[in-house]
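In: Got a sequence here, can you build the structure:
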Amino acid sequence: DELQNLNKQKYSLAAEWINQNRKFKIYELLNKPNAKKAITYLIKALKTRQLDLKAELLGKVPHQLLLTIFPVWASKDNFLSNILPLKPGMFDCVIIDEASFCRANSAIPALYRAKHAVIIGDPMQLRPIYARLSKRLKKTALTHSGLTEVVATEFDFQEKTIFDIASSKVRTDSWFLLDEHFRSPEPIIGFSKKYIYNDNLRIMTNRPTNGPSESIEISYVNGVEDQYTKVNHDEVKKVIKIIQLEMLKDPDCTIAVVSPYKEQRNYIEKEIVKKFTQHEIDKHELVSRTVYQMQGDERDIIILTTCFDKDVHPGRLRYFQGTNENEASRGVFNVAVTRARRKQHIVTSVTVNDLPAGFFKQYLDYLSKLQEPTVDINQIPYKGEQDVFIALKDSGLKVYYQFESCGYKIDFVVTDGKECLAIEYDGPQHFNTDGSYVEEDIQRHLTLKRAGWDIYRIPYDKWETEKSTCLNEVLSYFESKLKRAS
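Out: Have a look, this model is predicted:
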């Protein structure tokens, strides 16, 4: 805990230094006559809604002054070009997020203005939809550009995202895998973790209180997709009922309906406007979207309506069904089932037996086999740990052994159904000769804390001599949480 507090202090001091440095630079600017006039133009530009006037006023503001006053910018790919001149190295660093969904040509204005770049993307998610040039136009463009065909192919913005190009050009020692998943609990993200990311994710959100019964629900409605309107009305009715139910259960939850197909999405959007007030729509951030529209977004509750029935055309199914060999449909499926923070509803008119091989068939099979974690005391190999397990269980708490979270197995997790406490039973191997914790334990502890875990550590010698004290301290944790909640 002391190390964690020192880390917080370090980041707090760094933020304070940045703010004070910025204030100092602005103070210096204000003492320059020309800068004062430029700041007046800037204030007028920020206030006006007239785009032509805004551009004219910003044109009178030196870009050095803009970057001093606003050292950090968040922008869409084309916005910078409307404000800043095209000069190299204006920014120390440009970070391009969702780079696997960003066309290479769209990234050029930002990259040109950067001294360094960080490219962040997920090639397992959606790729952009490109407007295709004919072969004749591409050949003409290639001739005019003076590029060789090899270079043109390497940087073909119709085929490659900026993430693709960066992956092929940047040395592998500058690659970093962001493997910590903070959005969804295990039952929701578990399928993608195993079948799409090859178990290379660490799920930071896993708790006993967000197991399969709390986070996944499948509704088989046996509906039929209308062959003319491409709408499945039975699924639409079920979606509306689920929205109403979730709003009643949690007045503050956010909700999105997702469908692979625009016709179903459009129809549900109209139904939402009919069935819910504008206040309800705004409060719950209620939207109906296609998978592409949901890329990069999330909600507490996601309701996925697949729309198609068992007689679906193979080509229509292929778009959503997904396989590892088809990266486009793989991206569609992966995004569709990983947008929920708390609960994923699947409303569908097909069963596992109705589907050919593919991700959706595997997914339904995976969901049918999900189980809540259980503990058999005979599976606990050490007598000391068995003793701890029995004592915690006898205290009236639900106890889990070797509970997986953040890429680790926590010795015990106890819960009262709402709050969860991680308990580490520390044997001799956890300590150095001077009595301090070994480095591996410190890093594990910090990672679990960063993921939001409260941790109670029981050194083995303390348990042997002060068992009742340990149990009382665990119980007092839940009593204090209860008091705070009331």
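
In: can you give me the helices in the stretch 251-400 of the chain?
Out: Under the criterion DSSP state H, counting those that start in this stretch, helices of the stretch 251-400 of the chain are mapped to 262-275, 278-283, 291-294, 314-321, 327-336, 359-368, 383-394.

In: Can I get the ones you listed in CSV including distance to Leu446?
Out: (C-beta placed from N, C-alpha, C; glycine too.) Putting the helices of the stretch 251-400 of the chain into CSV (distance: least, CB to CB, whole Å) gives the following:
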stretch, distance to Leu446
helix 262-275, 43
helix 278-283, 37
helix 291-294, 33
helix 314-321, 40
helix 327-336, 30
helix 359-368, 32
helix 383-394, 23
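
In: out of these, which comes closest to Ser167?
Out: The stretch from those with the least distance to Ser167 (CB to CB) is helix 327-336; that distance is 13.5 Å.

In: which strands and helices sit next to the closest one?
Out: helix 291-294, helix 314-321, helix 359-368 (3 or more CB pairs under 8 Å, 6 or more residues apart in numbering; DSSP states H and E).

In: ok, 10 Å please
Out: In terms of contacts (3 or more CB pairs under 10 Å, 6 or more residues apart in numbering; DSSP states H and E), helix 327-336 is packed against helix 186-195, strand 255-259, helix 291-294, helix 314-321, helix 359-368.

In: Among the ones you listed, which comes closest to Lys44?
Out: Nearest of these (CB to CB): helix 291-294, 35.9 Å.

In: confidence score at His144?
Out: On pLDDT, His144 comes in at 82.

In: Count the residues that sit near it.
Out: Neighbour count for His144, taken as other CB atoms under 10 Å: 8.

In: so it is in which element?
Out: In this structure, His144 is located in helix 135-145 according to DSSP states H and E.

In: which parts of that helix are buried?
Out: Leu142 (16 or more other CB atoms under 10 Å).

In: what helices or strands is it leaning on?
Out: Helix 135-145 sits against helix 149-154, with contacts defined as 3+ CB pairs under 10 Å, 6+ apart.

In: May I have the helix it packs on as PDB, with CA atoms only?
Out: Extracted in PDB, the C-alpha atoms of helix 149-154 (Å, rounded to 0.1, in the frame of the first residue of the first chain):
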ATOM      1  CA  GLU A 149       4.700  -0.500 -58.100                       C
ATOM      2  CA  VAL A 150       6.400  -2.100 -55.100                       C
ATOM      3  CA  VAL A 151       6.200   1.100 -53.000                       C
ATOM      4  CA  ALA A 152       2.700   1.800 -54.100                       C
ATOM      5  CA  THR A 153       1.600  -1.600 -53.000                       C
ATOM      6  CA  GLU A 154       3.300  -1.200 -49.600                       C
END
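
In: who does the helix or strand following it touch, helix- and strand-wise?
Out: Downstream of helix 149-154, the next assigned helix or strand under DSSP H and E is helix 162-169. Under the contact definition 3+ CB pairs under 10 Å, 6+ apart, helix 162-169 sits against strand 91-96, helix 104-112, strand 114-119, helix 149-154.

In: Distance from helix 162-169 to the middle of the chain?
Out: Here helix 162-169 is found 22 Å from its chain centre; the criterion is CA atoms, centre = their mean, to the nearest Å.

In: Other residues contacting it?
Out: 77, 96, 98-108, 110-111, 117-123, 127, 154-157, 160-161, 174-175 (CB atoms under 10 Å, 6 or more residues apart in numbering).

In: and the following helix or strand past that helix, what does it pack onto?
Out: Following helix 162-169 in sequence order, the next helix or strand is strand 180-181 (DSSP H and E). When contacts are defined as 3+ CB pairs under 10 Å, 6+ apart, strand 180-181 packs onto helix 186-195, strand 202-203.
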